[in-house]
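Participant: Predicted model, plus sequence, below.
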Amino acid sequence: MTYLNYIGAYFLMIAEMFRKPTKWSVMKQLILKDVDDLIIGSLGIVAFISFFVGGVVTIQTALNIDNPLIPKYLVGFATRQSVILEFAPTFISIIMAGKVGSFITSSIGTMRVTEQIDALEVMGINSLNYLVFPKFIALLLYPFVISIAMFLGILGGMAACVYGGFSSLDDYIIGIQTDFTPFHITYAFIKTFVFAFILATIPSYHGYFMKGGALEVGKASTTSFVWTSVVIILLNYILTQMLLS
Amino acid sequence: MIEVKNIHKSFDGIEVLKGISTTFDKGKTNLIIGQSGSGKTVFIKCLLGLFDYEEGCISYDGKIFSQLSEDEKRNLRADIGMVFQGSALFDSMTIAENVMFPLKMFTKQSKSEMEDRVDFVLKRVNLIDAHKKMPSEASGGMQKRVAIARAIVNKPMYLFCDEPNSGLDPKTAIIIDNLIREITDEYDITTVINSHDMNSVMEIGEKIVFLKDGLKAWEGSKETIFKTDNKVVTDFVYSSELMKKVRQMYIEEKQ
Ligand SMILES: Nc1ncnc2c1ncn2[C@@H]1O[C@H](COP(=O)(O)OP(=O)(O)OP(=O)(O)O)[C@@H](O)[C@H]1O
Ligand SMILES: [Mg+2]
């Protein structure tokens, strides 16, 4: 029963977020700040992880294909498929749930415990619109982050493949062009948009509705990470079932 | 004028406010006094609608708060200034930006008009060169004064202050008290102040509501509070040695 209450409160929060919009001149700055914090600030870690995990995926695929009948270009093919379909949209989103999610929860949670949210409400400002809406808009740029992750993942795979001597550059490039299905990109970006929405709203929910003091802010960040990841993994399963099978 | 009828509020089954009724008059500094834990902060938050209460009715100049729609509530609140007990400054903004915030949100003033107004109110709370500081770099007393500046910058119709001068030295405390009274007179607004400071009572207690254990134990003004025989009030008022001496002298003078 309590879980139903939480889910209800979550959807009410989302509805409230779109009501009584904040003045555009103020909102514009909030959005730019959140783009900087949430998107630009994440590029470094995303690039680093994508490049090296792409490399690892390639090495492991190459090492598992020791049957001489299997063509060498399959290494590139397998890397492309796993990076585009799963690694970039889902794996990176889980990492973002840790980085961006806990940042959102702790910054909104701190505003809650220091009564800054009450101060906004007392002034007659829709605090949900003021705090959550700019994060939602900023995360509409999340697909760019994922595109970069895809690109660097495949590039990292190429580097590992060529420098590790697992196959030639030409084979790898043939591999990443083999049997390309454009719908896989659509599928990956549908997932990305859904995850972006989850990344903006679930951590905000945990920060906004938290009770207590500084200690609880830390706890809320952890809970928020757990729930954001669980929801991403579940939706990943549901969307894959719906879109690919 | 704010009218309060029979407010009940409890947390997890423990009743904190047990039926408070009173009125806060326009153009007056209305004080809510009482010991720590008597429910002053909870009461003021109920007035503002930050806490839901189980029973009772609060009306702002005839408008019953709980019957307003969300949008009407927000419009009413644009006319409210509030100083929180913990200041509640926005810690991502400088002091000047904090004070400018209500102007930015609710007026169409130009940047320079807003800056002039910010300078003016910051000067009134005795802060001249703190514009660029972040709240975390300001002392507790400075933060309080910034919070007051932010509450009055947009000329509110209702001003609420939760212990505006706790944590300030006696001199600044009196400056703040006088400032609040001046603003109340100047704009003819309804001001409600939580306090447990006897100096404030003597300075600005034009109407005083005394809370004890979630009930209104006494109501009066700074003129009547020193004459009352109500035991609860005299215990509170004459708790310090200084006040005991004052009372002694007063009695001796009369004889
Ligand atoms: N959010 C809350 N949850 C549970 N109990 C609360 C909450 N806020 C206040 N209380 C309780 O309500 C009572 C009154 O608290 P309140 O903060 O109103 O006191 P106060 O008169 O403002 O005291 P002080 O002068 O120290 O600020 C206290 O017993 C407190 O424990
Ligand atoms: Mg209090």
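Facilitator: Happy to help now that I have it. Ligands and ions are numbered 1, 2, ... in the order given.
Participant: Can you tell me how far residue B:63 is from residue A:133?
Facilitator: With the distance defined as CB to CB, to the nearest Å, residue B:63 ends up 28 Å from residue A:133. The way it works is simple: take the backbone N, C-alpha and C, and place the C-beta from them, glycine included.
Participant: Over to residue B:158?
Facilitator: With distances defined as CB to CB, the gap from residue B:158 to residue A:133 amounts to 28 Å.
Participant: which non-adjacent residue is nearest residue 178?
Facilitator: In the absence of a named chain, chain A is used. Using CB to CB, 6 or more residues apart in numbering or on different chains and skipping the chain neighbours, the partner closest in space to residue A:178 is residue A:77 (4.8 Å).
Participant: my bad, chain B
Facilitator: Take residue B:178 and drop its neighbours on the chain: the residue closest to it by CB to CB, 6+ apart is residue B:203, 6.9 Å away.
Participant: and that neighbour, what is it in contact with?
Facilitator: The neighbours of residue B:203, taking CB atoms under 8 Å, 6 or more residues apart in numbering or on different chains as the test, are B:174, B:177, B:178, B:181.
Participant: Could you dump those into JSON lines and include neighbour count?
Facilitator: Rendered in JSON lines, the data for these read as follows (neighbours: other CB atoms under 10 Å in any protein chain shown):
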{"residue": "B:174", "neighbour count": "17"}
{"residue": "B:177", "neighbour count": "25"}
{"residue": "B:178", "neighbour count": "12"}
{"residue": "B:181", "neighbour count": "18"}
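Participant: what's the distance between the nearest residue to residue A:58 once chain neighbours are set aside and ligand 1?
Facilitator: Distances taken as CB to CB, 6+ apart put residue A:157 closest to residue A:58, at 3.7 Å, once the chain neighbours are dropped. In this structure, residue A:157 and ligand 1 are 54 Å apart, going by CB to the nearest ligand atom, to the nearest Å.
Participant: Residue A:176 now?
Facilitator: When CB to the nearest ligand atom is the yardstick, residue A:176 and ligand 1 sit 58 Å from each other.
Participant: repeat for residue B:251
Facilitator: From residue B:251 across to ligand 1, the span is 29 Å (CB to the nearest ligand atom).
Participant: What strand or helix carries that residue?
Facilitator: When elements are assigned from DSSP states H and E, residue B:251 belongs to helix B:241-254.
Participant: What of residue B:192?
Facilitator: Secondary-structure assignment from DSSP H and E places residue B:192 in strand B:190-195.
Participant: Counting neighbours, what do you get for the residue in chain B that chain A sits nearest to?
Facilitator: Among residues of chain B, the one nearest chain A by CB to the nearest CB turns out to be residue B:77. It sits 3.4 Å away. Per other CB atoms under 10 Å in any protein chain shown, the neighbour tally for residue B:77 reads 23.
Participant: Nearest spatial neighbour of it, chain-adjacent residues omitted?
Facilitator: Distances taken as CB to CB, 6+ apart put residue A:124 closest to residue B:77, at 3.4 Å, once the chain neighbours are dropped.
Participant: check contacts around the residue nearest to residue A:178.
Facilitator: A:175, A:176, A:178, A:179.
Participant: Which of the helices or strands spans it?
Facilitator: Using DSSP H and E, the element containing residue A:77 is helix A:74-82.
Participant: after that helix, next one along is what?
Facilitator: Reading on from helix A:74-82 to the C-terminus, the next helix or strand found by DSSP H and E is helix A:92-96.
Participant: The strand holding residue B:192: how far from the chain's middle?
Facilitator: From the chain centre to the centre of strand B:190-195 is a distance of 3 Å (CA atoms, centre = their mean, to the nearest Å).
Participant: List the buried residues of whichever helix or strand comes after that strand.
Facilitator: Following strand B:190-195 in sequence order, the next helix or strand is helix B:198-204 (DSSP H and E). Under the neighbour-count criterion of 16 or more other CB atoms under 10 Å in any protein chain shown, helix B:198-204 has B:198, B:200, B:201, B:203, B:204 buried.
Participant: One more: stretch A:72-89?
Facilitator: A:72-85, A:87-89.
Participant: With only the CA atoms kept, save that stretch in CSV.
Facilitator: Included here for stretch A:72-89 are C-alpha records, laid out as CSV according to Å, rounded to 0.1, in the frame of the first residue of the first chain:
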residue,chain,number,x,y,z
LYS,A,72,37.7,-12.0,-38.1
TYR,A,73,35.4,-9.1,-38.8
LEU,A,74,32.9,-10.5,-36.3
VAL,A,75,34.9,-8.9,-33.6
GLY,A,76,34.0,-5.4,-34.9
PHE,A,77,30.4,-6.5,-35.5
ALA,A,78,30.0,-7.9,-31.9
THR,A,79,31.5,-4.7,-30.4
ARG,A,80,29.2,-2.5,-32.3
GLN,A,81,26.1,-4.5,-31.4
SER,A,82,26.9,-4.6,-27.7
VAL,A,83,28.0,-0.9,-27.5
ILE,A,84,25.0,0.5,-29.3
LEU,A,85,22.3,-1.8,-28.0
GLU,A,86,23.3,-2.2,-24.4
PHE,A,87,26.5,-0.7,-23.2
ALA,A,88,26.0,3.0,-24.1
PRO,A,89,22.3,3.4,-23.3
